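Peer 1: using only what follows, build the 3D model:
(chains A and B)
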Amino acid sequence: MIFNGIEILFFILGALSTAGVIGLVYLHGRKPLNWKGWLSGIFGLFITVFTIAWSVSTILEGEPQAASMGLIFFGIPAVLLGFLFRKFYV
Amino acid sequence: MRVRDFMSTNVVSVDEKTSIDNARKIMEAHKIRRLPVMKKRKNDVSPVTDKKVSRRDALKLGIIGAVAGSIAVLKYPSVAAEKKIDESARKMTVVEHDDFPNKISKDYKPFNQLNLIFTQGFMRTNPDIAKIAGKYMQGLNQPGYPDMGVGYRQLDHAIRKGSESLMTYTTHYAAAGIPGHGIQSWEQKKKPKNMFDPIVVAPKKYKFKTREEASAAIKRAASLYGADLIGITRNDPRWNYTPITDFTRAMEGKNPVINWSDFPFEPKTVIVLGFGMDYEGMATAPALTEEATTMECYSRMSKTAFQLSVFLKNLGYQSVPCNNDTALSVPYAVAAGLGELSRISILINYKYGPRVRLAKVFTDFDFVEYDKPKTFGVHEFCKRCKRCADACPADAIPFDDEPTWEPTHEHAHLKTGNPGVYKWYLDGYKCFKFWSENHGDCGCCIAACPYNKPDFWQHRLFDRINAALPGPFHTVMKELDRIFGYGNTADKKAVHRFWSAKGRSYDGF
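Peer 2: Model prediction:
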């Protein structure tokens, strides 16, 4: 094994975060985002990345219930922020 | 078709002396985006665009930025973001103390080892505890262990015996507090027994230049020998068993009491060694695989403390390695900055939580830098959490909100806990009785504790958040810990997971 699970996870999370920020900047270029859009976008991106990090990490440590609860506790707010971002952007 | 058919005539241009402001005005007036600059010396044309930074400028800036960044990284490697964040979090959550962090009563007396639950049981000074001890040993030493279900099979028993074997054979069961046997001998030889005997106090004392250098060398050696945590503190008679007891002497009809005047030298320093226990093994509590995990640590403790004592002897200083014998390990570990006292009456370490075992090395060497006690919010968290008390199958851990100066449980008269320290007092009688019924020790309190987590980033993050949060939030965090599925005990799945080959690699690939 060259990379372990956690190393691969954080590499992917880094790529996802970069893509997310570029996406926000791109959308801002097409149509300027107001402060609510930026807030919901940045915070939503952060919680999404955190949810993935939490759930995959807890699977890797052998605690699947913690992964499921992580999806509920952190994933639902991430989805809600996604909807808010869409509302503020469109 | 020629170029002239497409080219613009009467091209608007400027010369190189034209101001930028004028050039901009010309471009706006003619509604053009590019403006040729006609140089006088050469007849070349250099376009001026309405863009603030040209591509060439961007490239130059990029190169300059990269070079500056590289120089900064090379010059200041220690200011990496990770270290900065970690240092800030540590400053916010970890407090260093000059004195012992727990309140000690003025009339506190050192613990008499005759009152230790094992001593009372194996010396038969208390018939009730002796009966428990007999039943416990019967469960521990059953050849051809009977199959009593998952976690209590011959397989689980065998791994337990393998774990404890090194400690048993080299120290005569020092986990029960027996001092000075085997490799824990108090002998301070001046001459080797044979040409290969390494256990000799060197005639010449090695002189370290500074106390810091001495501490660093001792810690490096202990780490090499297998200790996960190392702290150095002064010898403190308050934590030394007074008197020390060796119940195996009583079994041979001898006086079991050993006074400190019998100790081979005047101890000045105590090096405390901490050993992290396997998370998956502890999660199987109270099954025998949990005891295998604990006992593997006792074996490691015996080996490492012995090697460190030989290291000190070869530096010319007298030393005695100790397991659970000779002194109380937990207050020494607190004094040496390895963690905090908890509701379970054991140590909670910053990295391993309660999943840690402790050994000690007494020495007369004192030119060292002593560590300071550290706290990080465990005491406050324990007040509200009580998960250990909920999980204890023997009901031996108190539910009192606040610590007390003396035991509040029904077996206080047995004096297995030493009064005079403001803490929570475990009922040693109930705890040991459950061990005897369980055919092995327990560990449910350790497995259930929210500080018991594998070494993953998310737990380190929430430990720091917990330490910074005020009291009422601790109840919420404790409930979340339960909801998220951590700290389960008596879980057969945990035993299957412990033995499972899934996700493991033993060949290094």
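
Peer 1: got the residues of chain A near chain B?
Peer 2: When proximity is defined as C-beta under 8 Å from any C-beta of the partner chain, chain A approaches chain B at A:1, A:6, A:53-54, A:57-58, A:60-66, A:69-70, A:73. Just so you know, the C-beta spots here come from the backbone N, C-alpha and C atoms, and that holds for glycine as well.

Peer 1: now, which of those lie within strands?
Peer 2: Nothing among those maps onto strands, per DSSP state E.

Peer 1: list phi and psi for the closest residue to B:Val11 other than its chain neighbours.
Peer 2: Leaving aside its chain neighbours, B:Val11 sits nearest to B:Pro36 (6.3 Å; criterion: C-beta to C-beta, 6 or more residues apart in numbering or on different chains). With angles defined as degrees, to the nearest 10, B:Pro36 sits at phi -70, psi 140.

Peer 1: I figured B:Pro36 was touching B:Asp15, is that so?
Peer 2: No - B:Pro36 lies out of contact with B:Asp15 (C-beta atoms under 8 Å); the separation is 10.1 Å.

Peer 1: comparing the two, which residue is more hemmed in?
Peer 2: More crowded of B:Pro36 and B:Asp15, by other C-beta atoms under 10 Å in any protein chain shown: B:Pro36, with 13 against 9.

Peer 1: report the beta-bridge partners for the more buried one.
Peer 2: For B:Pro36, the beta-bridge partners are B:Pro47 (DSSP bridges).

Peer 1: what's the spacing between the residue nearest to B:Val11 and A:Ile2?
Peer 2: With distances taken as C-beta to C-beta, to the nearest Å, B:Pro36 is found 56 Å from A:Ile2.

Peer 1: so for stretch B:166-180, what's the average pLDDT?
Peer 2: Averaging pLDDT along stretch B:166-180 gives 94.

Peer 1: so which bits of it are buried?
Peer 2: Of the residues in stretch B:166-180, B:166-168, B:170-180 count as buried by neighbour count, 16 or more other C-beta atoms under 10 Å in any protein chain shown.

Peer 1: coming back round to it: show me how to select, in ChimeraX, the buried members of the residues of chain A next to chain B.
Peer 2: For the buried members of these, the matching ChimeraX selection, counting by 16+ other C-beta under 10 Å, is:
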select /A:53,54,57,58,60,61,62,63,66,69,70
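
Peer 1: the residues of chain A next to chain B: which two are farthest apart?
Peer 2: A:Met1 and A:Phe73 (30.9 Å; C-beta to C-beta).

Peer 1: show me what from the stretch 251-400 of chain B comes close to chain A.
Peer 2: Contacts of the stretch 251-400 of chain B with chain A, taken as C-beta under 8 Å from any C-beta, map to B:Glu280.

Peer 1: just the helices in the stretch 251-400 of chain B please.
Peer 2: Along the stretch 251-400 of chain B, counting by DSSP state H, counting those that start in this stretch, helices occupy B:279-282, B:288-314, B:329-335, B:378-385, B:387-391.

Peer 1: so can I have TSV of those showing mean pLDDT?
Peer 2: Converted to TSV, the helices of the stretch 251-400 of chain B look like this (pLDDT from 0 to 100):
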stretch	mean pLDDT
helix B:279-282	96
helix B:288-314	98
helix B:329-335	98
helix B:378-385	94
helix B:387-391	97
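
Peer 1: single out the residue in chain A that lies closest to chain B.
Peer 2: A:Gln65 (2.9 Å; C-beta to the nearest C-beta).

Peer 1: ok, now which ones touch that residue?
Peer 2: By C-beta atoms under 8 Å, 6 or more residues apart in numbering or on different chains, the contact list for A:Gln65 reads B:Phe484, B:Gly485.

Peer 1: let me know the pLDDT of B:Ser78.
Peer 2: Here, the pLDDT recorded for B:Ser78 equals 53.

Peer 1: can you check the one 5 residues further on too?
Peer 2: The per-residue pLDDT reported for B:Lys83 equals 74.

Peer 1: neighbours around it, how many?
Peer 2: Other residues near B:Lys83 come to 11 when the count uses other C-beta under 10 Å.

Peer 1: and it, helix, strand or coil?
Peer 2: Assigned with DSSP: H, G, I helix; E, B strand; the rest coil, B:Lys83 falls in the helix class.

Peer 1: please name the residues that touch it.
Peer 2: Counting by C-beta under 8 Å, 6+ apart, B:Lys83 touches no other residue.

Peer 1: equivalent analysis for B:Phe498, please.
Peer 2: So B:Phe498 contacts B:Glu280, B:Gly281, B:Ala283, B:Thr284, B:Thr289 (C-beta under 8 Å, 6+ apart).

Peer 1: could you single out the nearest of the residues you listed to chain A?
Peer 2: Closest approach between those and chain A, by C-beta to the nearest C-beta: B:Glu280, at 7.1 Å.

Peer 1: does the closest one touch A:Gly62 like I think?
Peer 2: Yes - the criterion here is C-beta under 8 Å, and B:Glu280 meets it with A:Gly62 at 7.1 Å.
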